[in-house]
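A.B. asks: Show me how the following folds:
(2 chains)
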Amino acid sequence: MKILVTVKEVAEVDDEFDISGLDIADSSLEYDLNEWDDYAVEEAVQISEDNDDVEVVSVTIGPERSEETIRMALAKGADRAIRVWDDSLEDAQFLDVDTKAEILAAVAEEEDPDFILSGVQAGDDANGATGVALAEKLDFEWAAVVNALDLDADAGVASVRRELEGGVEELTDVDLPAVLTIQTGINEPRYASLRGIRQAQRKPLDAQGLDDIGLDADVVESPVERTDMYEPESEGDATLWEGDASDTASELAEFLRDKGVVES
Amino acid sequence: MSVLAITEHRRGSLRDVSYELVTVGRELADELGEDLELAVIGGDVDSFASDVNREGVDTIYTVDEGEEFNHGIYAQAIEQLHAELDPSALLMPNSVNGLDYAPAVAESLDLPLVTDVIGLEGGSPVEVTREQYGGKVETTYDIGEDQFAITIRSAEWPQAEADGDAAIEAVDVDIDESALGSTVNGFEEVGGGDVDITEADVLVSIGRGIEEEENLPLVEELADALGATLSSSRPIVDNGWLPKNRQVGQSGKVVTPDVYIAIGISGAVQHVAGMKGADTIIAINKDPNAPIYDLADYGIVDDLFEVVPELIEEFGGEAPDI
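C.D. replies: Below you'll find the model as predicted:
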């Protein structure tokens, strides 16, 4: 059985940051493995540990810098990794849902996985759409926002729980092959062990360009164009208590007493 | 051309976002000079159509297929409606279920898709606004095609309230049952337990800022000192540090206490959805740009590990060693 896990290096923004053109300045960004994808990797690795003959392949779209992130997936137990990037991706203003799904679908067609795990969303763009779009492109079944997974590979069915709003879960059977988008909390992602990190350096990490996966530069063209990025004006008019911690705590305490939360 | 919005229901009731879609759909339809059409798919479609028949809606199409949401039925029904009605804009909710069919529908119909939209301006091109990087920035996008798909963030637009006089039309679609690759077997309420945070008058709520499970006694002590109930944002529950019944937010509980003290909580939109109805919101967070301050009535921009022990002492308690 082969599981493909899509992972993304996401940019996290410092508390203070600058905007440069239509994006946040590189100097204000730090990069990390997308939180949701961390859970997807863990789920795939747990399945490979509980079953014989499971290969976990992780795939990412990203520049060379992102190899550090995808090596985290290898360190946590993925068997090999594929990274797709080239000049046309580098030059693109941003990659929309369709472009990402097209690239991942090309890799999936090459790899022919039994199913695909993906994070529900990425912490930076937060489209929340790539996994389901990928399923549609591959003509796979899918389930979005999965927070429990019970796999019956022989029957070709994944029994999942989908986390709906308001503390309600939907119990659904999904035919394989499928793309499942994984919600945080489904498991407890492991830390990469030192041994895992060392082993990850020796695991295959295959860098491919669009040509290599049978796509051309047109794939980055999008009818959706980013036109502006700005810090939203604060809608709030919060009264801020200022001073050192004992001053501010004292102000808050007085407020809570006045409010009758605690007896004065 | 028209604006076509897909309503949402669950377990026998329309969800609020359906009425919000009427508001945003009408605004966009006015700017584009088009009609607003709604689709109601599955469940008690006649009753839902009657409920959502609000001012500004021109036509409501009912598709009587399936009892509950099934993404395969939704995708097939919307694709057929789209082919027949040829709308310019396809509006869908950015809900868990919306995200379970909207990307597939957009892909299948070859429509550009922008999700989680918080602002929309009709014109040529249509301009949409969304948040990125956890709400730290807003971005605008031009959609350079006449037909497109958008998912709408809930609670960004008011719910349409006035009664309407839309035409209601039943539509037959051909659902290919053999193509439905998923089966919904039921629902389950999660996170019962002995504490009901929706009943609390005062909530001390903790988020990622607490850093380690070992630090939790600090806020537990504060909650005790205040006679408050302890709740949390999602990461605390994901980490297993508190049970699910303590989670405030979109996928947790919606709470409406008199006082909500958000400690180390940045204020992600999913969390805000659960607590914005609190009467007084107090935030303690060291990041002055945290979105929670857009909502808070009072705040202390400081390290919670400095402020909370002082607060505990203010109320005669003793901060635990952590």
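
A.B. asks: State the three-state secondary structure for the residue lying closest to B:Asn289 once chain neighbours are set aside.
C.D. replies: Nearest residue to B:Asn289, sequence neighbours excluded (C-beta to C-beta, 6 or more residues apart in numbering or on different chains): A:Asp15, at 6.1 Å. Where you see a C-beta, it was placed from the backbone N, CA and C, and this is true even at glycine. Three-state assignment for A:Asp15 (DSSP: H, G, I helix; E, B strand; the rest coil): coil.

A.B. asks: Next up, the contacts around A:Asp15.
C.D. replies: Contacts for A:Asp15 (C-beta atoms under 8 Å, 6 or more residues apart in numbering or on different chains) come out as B:Asp287, B:Pro288, B:Asn289.

A.B. asks: how about the residues you listed in CSV, adding neighbour count, pLDDT and secondary structure?
C.D. replies: Output for the contacts of A:Asp15, formatted as CSV (neighbours: other C-beta atoms under 10 Å in any protein chain shown; pLDDT from 0 to 100; DSSP: H, G, I helix; E, B strand; the rest coil):
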residue, neighbour count, pLDDT, secondary structure
B:Asp287, 17, 89, coil
B:Pro288, 13, 88, coil
B:Asn289, 20, 85, coil
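
A.B. asks: A:Ala122 contacts A:Leu33, doesn't it?
C.D. replies: No - at 10.5 Å, A:Ala122 does not count as touching A:Leu33 under the criterion of C-beta atoms under 8 Å.

A.B. asks: what's around residue 207, how many residues?
C.D. replies: If you meant another chain, say so; for now it's chain A. 13 (other C-beta atoms under 10 Å in any protein chain shown).

A.B. asks: hmm, I had chain B in mind actually
C.D. replies: 23.

A.B. asks: could you list every residue that touches residue 185?
C.D. replies: Looking at chain A here, since you left the chain open. Counting by C-beta under 8 Å, 6+ apart, A:Gly185 has contacts A:Tyr39, A:Asn147, B:Arg234, B:Val237, B:Asp238.

A.B. asks: Sorry, I should have been clearer: chain B.
C.D. replies: B:Asn185 neighbours (C-beta under 8 Å, 6+ apart): A:Leu171, A:Thr172, A:Asp173.

A.B. asks: Correct me if wrong, but it is in a helix.
C.D. replies: No - applying three-state DSSP, one finds B:Asn185 to be strand, outside a helix.

A.B. asks: Quick check, pLDDT for it.
C.D. replies: If you check B:Asn185, the pLDDT there is 95.

A.B. asks: what about stretch A:21-40 and chain B, touching?
C.D. replies: Yes - against chain B, stretch A:21-40 shows contacts by C-beta under 8 Å from any C-beta of the partner chain at A:Leu22, A:Ile24.

A.B. asks: What separation is there between the nearest residue to B:Arg15 once chain neighbours are set aside and A:Leu151?
C.D. replies: Distances taken as C-beta to C-beta, 6+ apart place B:Glu8 nearest to B:Arg15, at 4.6 Å, with adjacent residues excluded. Noted for B:Glu8: a distance of 29 Å to A:Leu151, by C-beta to C-beta, to the nearest Å.

A.B. asks: before we move on, the earlier item: top of the contacts of B:Asn185 by number of neighbours, please.
C.D. replies: Neighbour max across these (other C-beta under 10 Å) = A:Thr172, 21 neighbours.

A.B. asks: now the helix or strand containing that residue: mean pLDDT?
C.D. replies: Applying DSSP states H and E as the criterion places A:Thr172 in strand A:168-175. What strand A:168-175 shows for mean pLDDT is 96.

A.B. asks: Near chain B, which residues of the stretch 1-150 of chain A? Just list them.
C.D. replies: A:11-13, A:15-17, A:19, A:22, A:24, A:96-98, A:101, A:120, A:123-133, A:135-137, A:141-145.

A.B. asks: I'd like the distance from stretch B:78-96 to the chain centre, please.
C.D. replies: 19 Å (C-alpha atoms, centre = their mean, to the nearest Å).

A.B. asks: Pull it out as CSV, backbone CA atoms only.
C.D. replies: Only the C-alpha atoms of stretch B:78-96 are listed here, as CSV (Å, rounded to 0.1, in the frame of the first residue of the first chain):
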residue,chain,number,x,y,z
ILE,B,78,-24.9,22.1,-8.3
GLU,B,79,-23.1,21.2,-11.5
GLN,B,80,-26.4,20.6,-13.2
LEU,B,81,-28.0,23.7,-11.8
HIS,B,82,-25.0,25.7,-13.0
ALA,B,83,-25.2,24.3,-16.5
GLU,B,84,-28.9,25.2,-16.6
LEU,B,85,-28.8,28.7,-14.9
ASP,B,86,-25.4,29.8,-16.2
PRO,B,87,-24.8,32.2,-13.2
SER,B,88,-21.9,34.5,-13.1
ALA,B,89,-21.2,34.0,-9.4
LEU,B,90,-21.5,30.8,-7.5
LEU,B,91,-21.6,31.6,-3.7
MET,B,92,-21.1,28.8,-1.2
PRO,B,93,-20.5,28.8,2.6
ASN,B,94,-17.0,28.5,3.8
SER,B,95,-18.2,25.9,6.3
VAL,B,96,-16.9,22.4,6.9
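
A.B. asks: For chain B, which segments count as helices?
C.D. replies: Using DSSP state H, the helices of chain B run over residues B:16-32, B:45-51, B:71-85, B:98-109, B:216-226, B:234-238, B:269-275, B:304-314.

A.B. asks: same deal with chain A?
C.D. replies: Going by DSSP H, chain A shows helices at A:35-50, A:67-75, A:87-91, A:97-111, A:130-138, A:194-202, A:245-258.

A.B. asks: Pull out the buried residues from the last one.
C.D. replies: Neighbour counts using 16 or more other C-beta atoms under 10 Å in any protein chain shown place A:Ala245, A:Thr248, A:Ala249, A:Ser250, A:Glu251, A:Leu252, A:Ala253, A:Phe255, A:Leu256 of helix A:245-258 among the buried residues.

A.B. asks: would you turn those into a markdown table with pLDDT?
C.D. replies: Output for the buried residues of helix A:245-258, formatted as a markdown table (pLDDT from 0 to 100):
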| residue | pLDDT |
| --- | --- |
| A:Ala245 | 95 |
| A:Thr248 | 96 |
| A:Ala249 | 96 |
| A:Ser250 | 95 |
| A:Glu251 | 95 |
| A:Leu252 | 95 |
| A:Ala253 | 95 |
| A:Phe255 | 95 |
| A:Leu256 | 94 |
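
A.B. asks: Find the nearest non-adjacent residue to B:Asp165, please.
C.D. replies: Nearest to B:Asp165 is B:Asn53, by C-beta to C-beta, 6+ apart, at 7.3 Å.
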